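Engineer: sequence and predicted structure below; questions after.
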Amino acid sequence: QVQLVESGGGVVQAGGSLRLSCAASGRTLSDYAMGWFRQAPGKEREFLTVIRWRDGSTYYTDSVKGRFTISRDNAKNTVYLQMSSVKPEDTAVYYCAAALAIYFGVPERSRYPYWGQGTQVTVSS
């Protein structure tokens, strides 16, 4: 089992920045890749980015490439999502999730068995 707890959501103005955190605990995290997803009202949950815990490799979907940055702190067992130049369409519930490292770069929800509770991000225009 991997337990995940997100924090850092809130209200931010368009063009601003926000950093989300995901604290992880449980199994050997080096065996996993940590991803961020989001779900806006009435829409499917969308894959955003992933980081492979063992070596820090990252992968981004085109919609956030260049604006969002994923990183990890090994000492704190925490993964971050730095959001910059946010837009109203970034408004959503943001989730972190864990998948086995072999699924790194596979943007399918089904490959992620472990999920956090989600944190709301609202971008005001």
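Structural biologist: Happy to help now that I have it. Numbers count the residues shown, from 1 in each chain.

Engineer: please name the bridge partners of the residue positioned nearest the centre of the chain.
Structural biologist: Nearest residue to the geometric centre of the chain (C-alpha atoms, centre = their mean): Trp36, 2.1 Å. Beta bridges link Trp36 to Thr49, Cys96, judged by DSSP bridges.

Engineer: these two touch, right, it and Arg19?
Structural biologist: No. Using C-beta atoms under 8 Å as the test, Trp36 is too far from Arg19 to be in contact (11.7 Å). Using the backbone N, CA and C atoms, a C-beta is placed for each residue, glycine as well.

Engineer: identify the residues contacting Ser30.
Structural biologist: Shown in contact with Ser30 (C-beta atoms under 8 Å, 6 or more residues apart in numbering): 53-54, 101.

Engineer: isn't there a helix covering it?
Structural biologist: Yes. Counting by DSSP: H, G, I helix; E, B strand; the rest coil, one finds Ser30 located in a helix.

Engineer: quick one: the strands in the protein?
Structural biologist: 2-7, 10-13, 18-26, 32-39, 46-52, 58-60, 68-73, 78-83, 92-100, 114-115, 119-124 (DSSP state E).

Engineer: looking at those, which is closest to Pro107?
Structural biologist: Evaluated with C-beta to C-beta, these place strand 46-52 nearest to Pro107, the distance being 3.7 Å.

Engineer: return the most buried member of the strands of the chain.
Structural biologist: Comparing these by mean neighbour count (mean count of other C-beta atoms under 10 Å), strand 32-39 comes out on top with a mean of 24.
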